[in-house]
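Undergrad: sequence plus predicted model, see below.
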Amino acid sequence: MQPPEIPGPSIQVERSPVPIRATLTETPRPKTADDLAHLPALQALHIQRLQLKISSIMGDSARVTLTPTALQRLVPHDLRIDYIPAPSMRDRMILFQGLYDADDCFELLASQTIFIGGDFRNKFNWKPPPEFTDKYWYISPVLVDVSTNEHIPRSIESLIIEAQRLRDENSPIFPVTSLTGN
């Protein structure tokens, strides 16, 4: 005879409510507890973590780095995007919003991204975890070699970028041809 089945505790994981979305007309100011009270808890936590990380590294210069892009001014977006120090990454996050798990994405950015030194305005001086680049490669500033799925070392990455720039400068998309037929 088998013992009766005793149901275990029921655990339910609740997703956070829909994040607040807005457009931005000026550089975001530091949020206080009162500012964050109306936000979903996870969104407020991510904003606090990003603010602390940015202010501890950049100090008063954070205002310059967080100046809103045209997309931030025009397209309603998750408020957490406004605290990402790389403008091109903020724009990609806005363009691809709804196509990625924002809570997971911001958890990785807020808790595991490392500033490796140098100019904080340079997106390559911010090192997201490999998991972020694997999941969100279309947002990440890190280049990945798709043939091996490995991160390309920074020294080689800069050479690739420079070679692509030179190639683009020397071979325009539409080659100039003579209109006279000569």
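TA: In hand now; what should we look at?
Undergrad: quick one: least confident helix or strand in this protein?
TA: One helix or strand of the chain scores below all others by mean pLDDT, DSSP states H and E: strand 144-145, with a mean of 48.
Undergrad: OK, contacts around the spatially most central residue of the chain?
TA: Taking C-alpha atoms, centre = their mean, the centroid of the chain lies closest to residue 89, which sits 5.0 Å from it. Going by C-beta atoms under 8 Å, 6 or more residues apart in numbering, residue 89 touches 123, 139-141. C-beta: built from backbone N, CA, C; applies to glycine.
Undergrad: go with 10 Å
TA: 81, 109, 123, 126, 128, 136, 139-141 (C-beta atoms under 10 Å, 6 or more residues apart in numbering).
Undergrad: in helices, which of those residues appear?
TA: Those of the contacts of residue 89 mapping onto helices are residue 109, per DSSP state H.
Undergrad: need the contacts of residue 89 in CSV with distance to residue 98 and pLDDT, can you?
TA: Output for the contacts of residue 89, formatted as CSV (distance: C-beta to C-beta, whole Å; pLDDT from 0 to 100):
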residue, distance to residue 98, pLDDT
81, 12, 91
109, 17, 89
123, 23, 76
126, 24, 80
128, 20, 85
136, 13, 88
139, 13, 87
140, 18, 80
141, 21, 72
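Undergrad: which among the contacts of residue 89 gets closest to residue 101?
TA: Nearest to residue 101 out of the contacts of residue 89 is residue 136 (C-beta to C-beta; 9.0 Å).
Undergrad: show me where this structure has its strands.
TA: 21-22, 77-78, 114-115, 126-127, 144-145, 150-151 (DSSP state E).
Undergrad: partner strands of the second one, with direction?
TA: This means strand 77-78. Using DSSP bridges, strand 77-78 pairs in its sheet with strand 21-22 (antiparallel).
Undergrad: not counting the partner strand itself, show me its contacts.
TA: Counting by C-beta under 10 Å, 6+ apart, residues outside strand 21-22 touching it are 72, 75-79, 81-82, 97.
Undergrad: make a ChimeraX selection of whichever of these turn out to be buried.
TA: Restricted to buried positions by 16 or more other C-beta atoms under 10 Å, the ChimeraX selection for the contacts of strand 21-22 reads:
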select :72,75,77,78,79,81,82,97
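Undergrad: what's the pLDDT at residue 92?
TA: On pLDDT, residue 92 comes in at 92.
Undergrad: number of nearby residues for it?
TA: By other C-beta atoms under 10 Å, 19 other residues sit near residue 92.
Undergrad: mind listing what the residue nearest to residue 45 when sequence neighbours are not counted touches?
TA: Distances taken as C-beta to C-beta, 6 or more residues apart in numbering put residue 110 closest to residue 45, at 7.8 Å, once the chain neighbours are dropped. With contact set as C-beta under 10 Å, 6+ apart, residue 110 has these partners: 45-53, 80, 83-84.
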